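Participant: Compute the structure for the input listed below.
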Amino acid sequence: MLPVDPTIFVTSDNQGTVIDTGTTLTFLVAEAFELFVNAINSAVSQLTTPVISKGTQCYLVTSSITSIFPNISLNFAGGAAMILKPENYLVHGDPVEGGTPWCIGFQKGQNSVSILGEKFRLLF
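Facilitator: Next up, the predicted model:
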């Protein structure tokens, strides 16, 4: 469990979480996004080469992502949880010298609203 204050996801006039099938990507509020990226970095730091590509955290991988990256759980009110496999939260990049880049498919939100976009909806 990441130490994210759950109140940042509570919907109000200027914050919260929405599922928006008209938005392609998933955006997390900055606090949650930073904790998520740091946790992934810690989990895979010995097995990948972290790189930034177009402002996105990516990792050069020379083997299967399922053997390197952890499953993650998005926990919701009422005890509901959604388990995401690496292929659900990573985006495959074009091969480069040194490995194949896999990039975090979530983006840092620019405001206080998290948006679970179209790609996320496909997992339900």
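
Participant: what separates stretch 72-84 from the chain centre, distance-wise?
Facilitator: In terms of Cα atoms, centre = their mean, to the nearest Å, the centre of stretch 72-84 is found 14 Å from the chain centre.

Participant: Quick one: residues contacting the residue most central in space within the chain.
Facilitator: Closest to where the C-alpha atoms of the chain average out (Cα atoms, centre = their mean) is Phe106, at 4.0 Å. Phe106 is in contact with Leu25, Thr26, Phe27, Leu28, Phe33, Phe36, Tyr89, counting by Cβ atoms under 8 Å, 6 or more residues apart in numbering. C-beta: built from backbone N, CA, C; applies to glycine.

Participant: Out of these, list just those in strands.
Facilitator: Thr26, Phe27, Leu28 (DSSP state E).

Participant: and the gap between the residue nearest to the centre of the chain and Asp13?
Facilitator: 24 Å (Cβ to Cβ, to the nearest Å).

Participant: now Thr24
Facilitator: 25 Å.

Participant: what residue ranges in the chain are flagged as low confidence?
Facilitator: 14-15, 119-124 (pLDDT under 70).

Participant: could you redo the last one with a cut-off of 90?
Facilitator: Applying pLDDT under 90 to the chain flags the ranges 1-2, 4-30, 45-47, 49-56, 61-64, 74-84, 87-89, 91-100, 105-124.
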